[in-house]
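Peer 1: Here is the input, now give the coordinates:
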Amino acid sequence: MSLSGTAIQLPFAIHALDLFGTAVFALTGALRALTKKLDLMGAVVLAIVTALGGGMMRDALIGRHPPAAFADQVYLLIAAGVGVLAFFWGRRLHEQENWLIAFDAVGLGVFTLVGATVADQAGLGPVGILFIAMLTATGGGVLRAMLVAEIPFILKKEIYASASLFGALAYLGFVQLGLSDVWVIWGVVLITTGTRLLAWRMNLSLPSAEA
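Peer 2: Numbering: from 1, shown residues only. This next block holds a predicted model:
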């Protein structure tokens, strides 16, 4: 059984954060295109793939039709618009600028929250919620890396997907405790974002295989 595009309604606060996360991830995708010296179309494609790829994979897996990015075309317009703007005016920006890394961490937290919420409303169990939350948050980055022939970020030793996992676990805990939507929303975003930023600032990483 498939879910219609309107079967899952995000609360206004989560929807607004989702649009913000879309813009942030689109910016990181477009900047990667500039780093790789791609043309305008390449920048727009990477912006859209990075911003919407995880959500599209999520919706395909849970049978949500049409995907949220097509049901509400604002997502596509934001991703494409950010891609165009970044191509023409983003050349002075660098992917490793502190504020951009911070925004990306916020986007990670937002997409973790959105993925967990959508999976929960779709009736998935705890394991499914964890998987869908992480897929929503990191799937776009994986697709972007594949398009530019890089190792996906989540396969490197930096704490990125793990931060999303912590946020998704927090979501399950908060819901189990019966906390209000406000606590769930900001708790998940802050825990995910805080974990990612703390690991980045302190140069923490997971163990990696030694050559």
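Peer 1: Please, which helix or strand holds the spatially most central residue of the chain?
Peer 2: For the chain, the residue nearest the mean C-alpha position is residue 137 (3.1 Å; Cα atoms, centre = their mean). Secondary structure assigned from DSSP states H and E places residue 137 in helix 126-147.
Peer 1: now the helices for the chain?
Peer 2: 12-35, 40-62, 68-71, 74-89, 98-121, 126-147, 161-177, 181-201 (DSSP state H).
Peer 1: Now mean pLDDT and distance to residue 153 too, for the ones you listed, in CSV please.
Peer 2: Bear in mind the C-beta positions are built from the backbone N, C-alpha and C, glycine included. Formatted as CSV, the helices of the chain follow (pLDDT from 0 to 100; distance: least, Cβ to Cβ, whole Å):
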stretch, mean pLDDT, distance to residue 153
helix 12-35, 92, 10
helix 40-62, 96, 11
helix 68-71, 89, 21
helix 74-89, 95, 18
helix 98-121, 93, 10
helix 126-147, 96, 5
helix 161-177, 96, 8
helix 181-201, 95, 11
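Peer 1: To residue 207, which of those helices lies closest?
Peer 2: Residue 207 sits nearest to helix 161-177 of all the helices of the chain, at 11.7 Å, using Cβ to Cβ.
Peer 1: Okay, angle between the closest one and helix 181-201 too, please.
Peer 2: For helix 161-177 against helix 181-201, the angle by axes from the mean of the first three to the mean of the last three Cα atoms, to 10 degrees is 160 degrees.
Peer 1: Run through the neighbouring helices and strands of the helix holding residue 137.
Peer 2: helix 12-35, helix 40-62, helix 98-121, helix 161-177 (3 or more Cβ pairs under 8 Å, 6 or more residues apart in numbering; DSSP states H and E).
Peer 1: buried set for the second one?
Peer 2: Residues of helix 40-62 classed as buried: 42-59, 61-62 (neighbour count, 16 or more other Cβ atoms under 10 Å).
Peer 1: Which elements pack onto that helix?
Peer 2: Looks like helix 40-62 contacts helix 12-35, helix 68-71, helix 74-89, helix 98-121, helix 126-147 (3+ Cβ pairs under 8 Å, 6+ apart).
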